[in-house]
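Asker: Just to be clear, the model below is a prediction. Sequence and coordinates:
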Amino acid sequence: MEQYVIKGGKPLVGEVEIGGAKNAALAILAASLMTEETVEIDNLPNVTDINALLEAIERIGGHIERTGAHSIKLNCAHIDSFNIDCECIRKIRASYYLLGALLGRFKKATVPLPGGCNIGNRPIDLHLKGFRSLGVNIDISHGMINADSTELIGSHIYLDNVSVGATINIMMAASMAKGNTVIENAAKEPHVVDTANFLNSMGADIKGAGTDVIRIKGVERLHKTDYSIIPDQIEAGTFMFAAAATKGDVTIKNVIPKHLESISAKLIEIGCEVSEFDDSVRVVAKNRLSHTHVKTLPYPGFPTDMQPQMVVTIGISEGTSIVTESIFENRFKYVDELTKMGANIKVEGNTAIIDGVSGYTGARVAAPDLRAGAALVIAGLAAEGITVVDDITYVERGYEEIENKLRNLGAMIEKVNSEKEIQKFRLRVS
């Protein structure tokens with residue numbers, strides 16, 4: 001089992017390049033199934049979640065050609081199965097996007113119930129409600145979702161709660177339904193917009209993505225396209241908080257600053273200097289930071305995927321901060337790990353009360369999920385002494401070579417796979 005071993009206490013300084021958005025890429029790869037023609041995708045992150053989905057697509061007959069480290073050609077003309085049941089796809093939540101894509105093109109699909117990080121209850125009832133409104137018959141048995149329809153018919157769909165996954169899934173299926181579909185109370189996240197733009201580039205007719213009402217006019221077929229995925233706002237935000245927590249000076253390149261506004265606003269509020277440019281942001285933290293109150297909300301609010309990184313940063317800031325998690329109820333599981341490093345945090349229901357401490361101390365911790373794992377890496381970078389982060393397979397699901405990017409900013413971090421290698425690191429940096 002691999003680990004990160006970190007010698008903390010050194011400010012991060014320099015420039016870092018952000019990769020393509022994992023959450024957008026997962027939806028876009030699924031949507032690529034909806035045409036018989038070849039799709040070219042660029043700025044594709046090379047992370048385990050993406051590779052798991054690509055493996056699943058190949059298993060049902062998709063042909064994938066790697067044209068570069070972050071680009072592929074994908075042809076799904078010869079899909080020969082609508083039953084996607086493999087170990088690789090059971091590990092990721094985005095397996096459900098294959099439902100919308102296969103239903104749109106073939107009107108049938110059998111997909112495992114989604115996996116992914118255990119950060120709370122994430123039901124797919126809104127996905128199924130939307131599909132049923134389009135005329136799909138749904139049956140769940142033996143851990144599989146079985147869906148089929150003789151014909152998809154456009155419908156007026158109101159989502160009881162804002163759901164990114166349901167918005168994207170329904171949008172995919174509806175883009176090849178007969179007639180018009182309206183999705184009300186739709187999610188506005190950047191990867192919803194990116195997926196809609198991708199579908200439109202293939203000939204779909206989707207309007208309103210990025211607002212709470214999306215209008216879709218169904219088309220009979222979709223065609224080839226050449227598309228570049230948007231930068232990853234969560235990877236960018238992670239490096240922004242890493243700069244803040246280590247009292248560093250980091251320029252984060254290849255970003256869309258508009259997507260980072262809620263993150264930038266909180267960093268400024270706690271005392272960072274944040275400068276925005278056309279496709280980059282610079283975060284400078286010169287002094288000890290101050291406290292704040294944060295509540296996670298759907299976009300354009302503060303992202304739930306940035307909550308652990310925020311808590312780590314204000315955990316060593318001055319004063320008492322309050323963080324309210326309104327999206328996922330199990331998102332504070334990392335707090336026990338952070339306490340091992342000296343944090344003073346009390347969790348009451350969906351609220352964390354954080355009394356800032358003067359600093360963290362190195363400890364052995366385990367990543368309970370993807371974003372919490374990245375947050376514990378940040379804590380290790382800011383801590384005095386050596387930190388070992390176990391279970392980094394979670395982190396690798398969403399961050400490409402994070403240890404190399406951090407080393408290029410001056411961090412002392414290595415990926416190791418044995419106690420012997422950890423001891424070698426300790427001797428080398430002592």
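Answerer: It's in.

Asker: any idea how far residue 421 lies from residue 169?
Answerer: Taking C-beta to C-beta, to the nearest Å as the criterion, residue 421 is separated from residue 169 by 42 Å. In this view, the C-beta of every residue, glycine as well, is placed from N, C-alpha and C.

Asker: the more surrounded of those two?
Answerer: residue 169 (29 against 15; other C-beta atoms under 10 Å).

Asker: Excluding chain neighbours, what is closest to the more buried one?
Answerer: Counting by C-beta to C-beta, 6 or more residues apart in numbering, the nearest residue to residue 169 once its immediate chain neighbours are dropped is residue 100, at 3.8 Å.

Asker: how deep is that neighbour tucked in, by neighbour count?
Answerer: 34.

Asker: Tell me who's in contact with it.
Answerer: 30, 127, 131, 168-173 (C-beta atoms under 8 Å, 6 or more residues apart in numbering).

Asker: per-residue confidence at it?
Answerer: What the model reports as pLDDT for residue 100 is 96.

Asker: what's the answer for the one 4 residues further on, then?
Answerer: Here, the pLDDT recorded for residue 104 equals 96.

Asker: In a helix, it, correct?
Answerer: Yes. Applying DSSP: H, G, I helix; E, B strand; the rest coil, one finds residue 104 inside a helix.

Asker: Quick check: the gap between it and residue 79.
Answerer: Applying C-beta to C-beta, the value for residue 104 to residue 79 is 12 Å.

Asker: The two: which has the busier surroundings?
Answerer: When neighbours are counted by other C-beta under 10 Å, residue 104 and residue 79 differ, and residue 104 comes out ahead with 28 against 16.

Asker: quick one: that one and residue 172 touch, right?
Answerer: Yes. Applying C-beta atoms under 8 Å, one finds residue 104 in contact with residue 172, separated by 5.3 Å.

Asker: Give me the common contacts of the two.
Answerer: Jointly contacting residue 104 and residue 172 under the rule C-beta under 8 Å, 6+ apart are residue 34.

Asker: so residue 202 touches residue 39, yeah?
Answerer: Yes. In terms of C-beta under 8 Å, residue 202 counts as a neighbour of residue 39; the distance is 7.4 Å.

Asker: So for the two, which residues contact both of them?
Answerer: By the contact definition C-beta under 8 Å, 6+ apart, residue 202 and residue 39 are jointly contacted by 224-225.

Asker: So these two - more neighbours on which side?
Answerer: When residue 202 is set against residue 39 and neighbours are counted by other C-beta under 10 Å, the residue ahead is residue 39, at 25 against 20.

Asker: Burial check on the closest residue to that one other than its chain neighbours, number of neighbours?
Answerer: Leaving aside its sequence neighbours, residue 39 sits nearest to residue 32 (C-beta to C-beta, 6+ apart; 4.5 Å). Using other C-beta under 10 Å, residue 32 has 27 other residues around it.

Asker: pretty sure residue 32 is in a helix, no?
Answerer: Yes. Per three-state DSSP, residue 32 lies within a helix segment.

Asker: so where's this protein uncertain?
Answerer: 86-88, 90-91, 115-122 (pLDDT under 70).

Asker: can we see that at 90?
Answerer: Low-confidence regions of the chain, defined here as pLDDT under 90, cover residues 1, 56, 59, 80-96, 111-124, 142-144, 328-331, 430.

Asker: Would you mark the buried spots in the helix or strand harbouring residue 127?
Answerer: For residue 127, the element it lies in under DSSP states H and E is helix 125-133. Along helix 125-133, these residues count as buried under the neighbour rule (16 or more other C-beta atoms under 10 Å): 126-131, 133.

Asker: Farthest pair within the contacts of residue 100?
Answerer: By the measure C-beta to C-beta, those have their two most distant members at 30 and 131, which lie 14.4 Å apart.

Asker: and residue 153, how far is that from residue 169?
Answerer: Distance check for residue 153 against residue 169: by C-beta to C-beta, it reads 17 Å.

Asker: Residue 98 too?
Answerer: In this structure, residue 98 and residue 169 are 9 Å apart, going by C-beta to C-beta.

Asker: you'd agree residue 357 is in a helix?
Answerer: No. Under three-state DSSP, residue 357 sits outside any helix and is assigned coil.

Asker: Would you mind confirming that it makes contact with residue 341?
Answerer: No. Using C-beta under 8 Å as the test, residue 357 is too far from residue 341 to be in contact (9.3 Å).

Asker: Between the two, which is the more surrounded one?
Answerer: With neighbours defined as other C-beta under 10 Å, residue 357 and residue 341 compare such that residue 341 has more, 26 against 16.

Asker: Against residue 37, how distant is the closest residue to the more buried one other than its chain neighbours?
Answerer: Distances taken as C-beta to C-beta, 6+ apart place residue 360 nearest to residue 341, at 4.2 Å, with adjacent residues excluded. Residue 360 sits 52 Å away from residue 37 when distances are taken as C-beta to C-beta.

Asker: Which of the two has more residues huddled nearby?
Answerer: Each of residue 360 and residue 37 had its neighbours counted (other C-beta under 10 Å), and the higher figure belongs to residue 360 (26 against 15).

Asker: I'd like the distance between that one and residue 307.
Answerer: 18 Å.

Asker: and if you look at residue 61?
Answerer: 39 Å.

Asker: Those two: who's more crowded?
Answerer: Remark: of residue 61 and residue 307, residue 307 carries more neighbours, 27 against 14, as counted by other C-beta under 10 Å.

Asker: so which helix or strand takes in the residue nearest to residue 169?
Answerer: When elements are defined using DSSP H and E, residue 100 is found to belong to helix 97-106.
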